[in-house]
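*Asks:* Give the three-dimensional model of this entry:
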Amino acid sequence: MKKVLTTFKMVLLSLVFTTVAYAADPSADHSSETSELKLSPFDHLGHNMLLSAFGWPLGFHMLGGALTYKFSMENNDLMVARFAARQDQLTYGIAFTPGMMMGTFFPILVPGYMYFISDNLALNNTGAVAVQATAVAFLYNNILKAISAREHPDAELNSGERSRDFKWGFFRRGVFYGWPSGHSMTNAAMAMSIASYNRDKPLVVAGCALYAGYIATSMVLGAKGEAHWFSDAVAGTLMGASIGWYIGSVFYKEKSGEKQTPPKVTIAPLFYDDIKGAVLSVRI
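*Replies:* Numbers count the residues shown, from 1 in each chain. Model (predicted):
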């Protein structure tokens, strides 16, 4: 079963980046609209990938890590997992299985519909923003999972030690096990990129925030609490939401006519008697 899920995840990753590549193909006839430029998911991609990791979202990434440490060390993760395991599975299945299914497929279906199928230029551009944010979050999430290799909860075997079972390194448990929650992170990135790009529409912002919260809750309380620890979902939501909001903001400022200043990357060599190397600086 784990091999099947790992294979599915690799297929999902391939589909996301195939979508990005297709969207950037200049030979594709993306739109017949000429009154306004149609966005591409490749617009500002390098800038956004860099600053989604090292710009102001870095603070939320670090917060997610700090809360994970706190919740695992103080057994908050264990308490939530045991709570989920005790609940009536029919009731909780009806409540949260849809969220788990939506969390799996919506990051492809929603941006894909908006960008490739809709005839509305505003939706096309929102879809381009969402494709980029989802792809960036999915890439970063898989890197983190490959490094962290955190054990998943198990309704019969949950313990404080299990919640703290990280195997740091590279591919110690493949890319299926690990931290943070991929569903929470990619869906939060998709939802908040849409919200950020349409921040002048309060109902859209509120709906996107509620959606991201529902997906994260589903990953914690659905499936007898065996999908993810509480801190997995918290960290994934914080990281994904910050990535999505940042990327949406870049496109929103461009739409509003605000001048963009690209980051400046400088690499300076160091040659001292006792130190040799280089210093990397990023001016935001």
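*Asks:* what number of residues lie near Phe116?
*Replies:* Residues contacting Phe116 under the criterion other CB atoms under 10 Å number 15. C-beta coordinates here come from the backbone N, C-alpha and C atoms, glycine included.
*Asks:* Now do it against Ala128, distance only.
*Replies:* Between Phe116 and Ala128 the distance, using CB to CB, to the nearest Å, works out to 10 Å.
*Asks:* hang on, isn't Ala227 packed against Met219?
*Replies:* Yes. Under the criterion of CB atoms under 8 Å, Ala227 is in contact with Met219, at a separation of 4.9 Å.
*Asks:* Could you tell me how many residues sit around Met73?
*Replies:* One way to gauge burial is a neighbour count; for Met73, by other CB under 10 Å, it gives 12.
*Asks:* now the strands for the stretch 101-250 of the chain?
*Replies:* Counting by DSSP state E, counting those that start in this stretch, the stretch 101-250 of the chain yields no residue ranges for strands.
*Asks:* Tell me where it has helices.
*Replies:* Assigned by DSSP state H, counting those that start in this stretch, the stretch 101-250 of the chain shows helices spanning 121-148, 160-163, 182-197, 202-221, 230-255.
*Asks:* Give the rounded mean pLDDT of the third one.
*Replies:* Model confidence over helix 182-197, given as mean pLDDT, is 98.
*Asks:* quick one: it to helix 230-255, angle?
*Replies:* Here helix 182-197 runs at 30 degrees with respect to helix 230-255, directions being taken by axes from the mean of the first three to the mean of the last three CA atoms, to 10 degrees.
*Asks:* can you count the residues close to the closest residue to Thr104 other than its chain neighbours?
*Replies:* Take Thr104 and drop its neighbours on the chain: the residue closest to it by CB to CB, 6 or more residues apart in numbering is His183, 6.7 Å away. Taking other CB under 10 Å as the neighbour definition, His183 ends up with a count of 27.
*Asks:* Surely His183 touches Tyr214?
*Replies:* No. His183 lies out of contact with Tyr214 (CB under 8 Å); the separation is 11.0 Å.
*Asks:* sorry, back to before: ok, now how distant is the residue nearest to Thr104 from Trp245?
*Replies:* 18 Å.
*Asks:* Alright, I will stop here.
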